[in-house]
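1. Build me a model from this:
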Amino acid sequence: MRWHHLPMFLFVVTMLVVALGGAVRINDAGESCPDWPRCFGSWGFDVSEEEQGIWYAENPDEVDSLGDQHRYSTGDIFLEWSHRILAGLILGPLCILQWFVAFRRKSRMPSVHKASAVALVLVIVQGALGALTVRYDNIHWSVAAHLVLALSLALSLLWAWIRWMEAEAVLPGWMKVAGGPALRTRLADMSLATLVVLVFGAFVASTPNANEACSVGSFSAWPLCQGSLFASLLENLQFAHRLAVVFVLGWLVWNILGMERGTVRRLLHAGLGLYVLNLVLGGVYILTWDDGFIEALSLLHLLLGSTSFLCIAFAALLVRNASSEEEE
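-> As a prediction, the model looks like this:
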């Protein structure tokens with residue numbers, strides 16, 4: 001069996017979990033299963049409004065942040081329920097399987113075993129953090145931490161995939177790159193900077209009214225902020241996010257200029273292109289406000305930002321793999 005494909009399959013599942021998590025957030029369905037691991041005391045998702053009311057009456061300490069009388073549709077509950085199923089019953093067990101297979105081959109591919117162990121730990125921590133996210137009603141720090149851990153899991157799976165193919169001598173030519181310590185550090189810094197922007201965005205998306213801090217629906221809201229180029233960093237989280245976006249954009253462009261042609265440059269160009277597209281999409285999200293945001297744009301914003309980060313981080317992993325081969 002071609003086990004080296006398993007990490008890539010798990011990477012795809014992980015990104016589906018990220019997408020579902022984003023859909024849960026934009027639909028305000030994060031509390032549609034107020035208990036964990038069950039959902040309104042049930043293992044299913046078809047919970048009527050009457051049954052939800054009964055459950056709340058039996059659990060008076062559980063209060064929905066959207067109001068005591070708020071009830072969720074079956075579709076809302078299904079989003080959160082399917083997110084848990086995909087993460088807990090598919091991704092989790094398969095990460096255990098991956099670790100077990102890698103453990104049995106530990107002597108000839110130790111780096112794959114380490115990456116698989118890290119992935120398994122991150123899945124477990126993600127499950128615990130998911131319970132905290134429900135407990136604290138999707139508070140901003142838990143949403144940001146959830147995203148960071150999910151992307152860290154994705155990177156550990158990509159690293160396991162690269163090293164597994166390397167160990168079995170099936171690494172494709174386009175993934176064999178040249179690099180050195182300087183480039184490795186440079187790409188790691190670029191990946192970290194892009195991740196910081198994502199974390200800022202997660203805080204903006206999950207902090208009440210932060211999306212409206214620069215106003216909405218007009219050019220005085222974007223690219224300006226309250227009709228001005230400047231706003232208080234301490235009082236305006238959205239402006240701080242925008243400032244980070246612009247700063248990192250300039251830094252990415254400066255780092256990519258003059259880089260040699262090849263896979264690394266193509267990945268960085270893809271990451272930069274998605275980054276710029278996402279910057280524009282953020283503006284469209286603000287400008288199209290009309291008695292409410294188009295929340296599908298928020299989900300797309302999350303996915304484009306995550307993909308941009310992963311393009312840059314994947315380039316960093318390929319260069320790290322080249323360095324690992326030289327060390328061995």
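2. wait, N236 sits on N211?
-> No. Applying Cβ atoms under 8 Å, one finds N236 not in contact with N211, separated by 11.5 Å. No exception for glycine: its C-beta is placed from N, CA and C like everyone else's.
3. Show me the helices in the stretch 101-250 of the chain, by range?
-> Residue ranges of the helices in the stretch 101-250 of the chain, as given by DSSP state H, counting those that start in this stretch, are 110-135, 140-167, 181-206, 237-256.
4. quick one, domains of this structure?
-> 1-171, 177-328 (automatic domain parsing).
5. Assign a three-state SS to R261, would you?
-> coil (DSSP: H, G, I helix; E, B strand; the rest coil).
6. okay, it: pLDDT?
-> With respect to pLDDT, R261 has a value of 81.
7. Distance check, it against F247.
-> Between R261 and F247 the computed distance is 27 Å (Cβ to Cβ, to the nearest Å).
8. So the two - more neighbours on which side?
-> Relative neighbour count places F247 above the other of R261 and F247, with 13 against 7, counting by other Cβ atoms under 10 Å.
9. Next one, pLDDT for the more buried one please.
-> So F247 comes in at 94 (pLDDT).
10. can you tell me which residues contact it?
-> Shown in contact with F247 (Cβ atoms under 8 Å, 6 or more residues apart in numbering): no residues.
11. repeat that with 10 Å
-> Residues in contact with F247 (Cβ atoms under 10 Å, 6 or more residues apart in numbering) are A193, V196, V197.
12. do the same with M165
-> R2, H4, H5, P7, M8, V112, L171, P172, M175, N321.
13. same check, this time on Q126
-> 14, 17, 21, 87-88, 91-92, 133, 145-146, 149-150, 152-153.
14. Need the nearest residue in space to the spatially most central residue of the chain, chain neighbours excluded.
-> Nearest to the mean C-alpha position of the chain, by Cα atoms, centre = their mean, lies L147 at 4.1 Å. Sequence neighbours aside, A202 is the residue nearest to L147 in space, at 5.0 Å (criterion: Cβ to Cβ, 6 or more residues apart in numbering).
15. ok so, going back, pretty sure the residue nearest to the centre of the chain contacts V18?
-> Yes. Using Cβ atoms under 10 Å, L147 is in contact with V18, at 7.4 Å.
16. Which residues are in contact with each of these two?
-> L302, S306.
17. and the longest helix seen in the chain, average pLDDT?
-> Determined from DSSP state H, the single longest helix within the chain is helix 295-327. Over the span of helix 295-327, the pLDDT mean works out to 88.
18. Show me what that helix is packed up against.
-> Applying 3 or more Cβ pairs under 10 Å, 6 or more residues apart in numbering; DSSP states H and E, one finds that helix 295-327 contacts helix 6-26, helix 140-167, helix 181-206, helix 237-256, helix 263-287.
19. Most tightly packed of those helices?
-> helix 140-167 (a mean of 22; mean count of other Cβ atoms under 10 Å).
20. quick one: low-confidence ranges for the stretch 1-150 of the chain?
-> Low-confidence segments of the stretch 1-150 of the chain, defined by pLDDT under 70: 1, 134-138.
21. In this structure L310 contacts S152, no?
-> No. Applying Cβ under 10 Å, one finds L310 not in contact with S152, separated by 11.3 Å.
22. Show me whatever sits in contact with both of those two.
-> Common neighbours of L310 and S152 (Cβ under 10 Å, 6+ apart) do not exist.
23. ok, back up a step: next, the angle helix 140-167 makes with the longest helix of the chain.
-> Taking axes from the mean of the first three to the mean of the last three Cα atoms, to 10 degrees, one finds helix 295-327 and helix 140-167 inclined to each other by 40 degrees.
24. Give me the neighbour count for D28.
-> Counted with other Cβ under 10 Å, residues neighbouring D28 total 16.
25. Secondary structure class of it, three-state.
-> coil.
26. mind pulling up the phi and psi values for the residue lying closest to A29 once chain neighbours are set aside?
-> Once flanking residues are discounted, A29 sits nearest to D76: 4.1 Å by Cβ to Cβ, 6+ apart. Backbone geometry at D76, expressed as degrees, to the nearest 10, gives phi -60, psi -50.
27. what do you get for G258?
-> The phi/psi pair for G258 (degrees, to the nearest 10) is phi 80, psi 0.
28. Local confidence estimate at it?
-> Taking G258 on its own, its pLDDT is 77.
29. separation between it and A322?
-> G258 sits at a distance of 20 Å from A322 (criterion: Cβ to Cβ).
30. For V24, give me its contacts.
-> 30-33, 76, 79-84, 133, 138, 299.
31. Could you do W43 as well?
-> P37, W81.
32. Next one: it from A244, what distance?
-> W43 is 42 Å from A244, by Cβ to Cβ.
33. just L257 next, same as before
-> 21 Å.
34. One more: G292?
-> 26 Å.
35. same thing with Y72?
-> In this view, Y72 and A244 are 34 Å apart by Cβ to Cβ.
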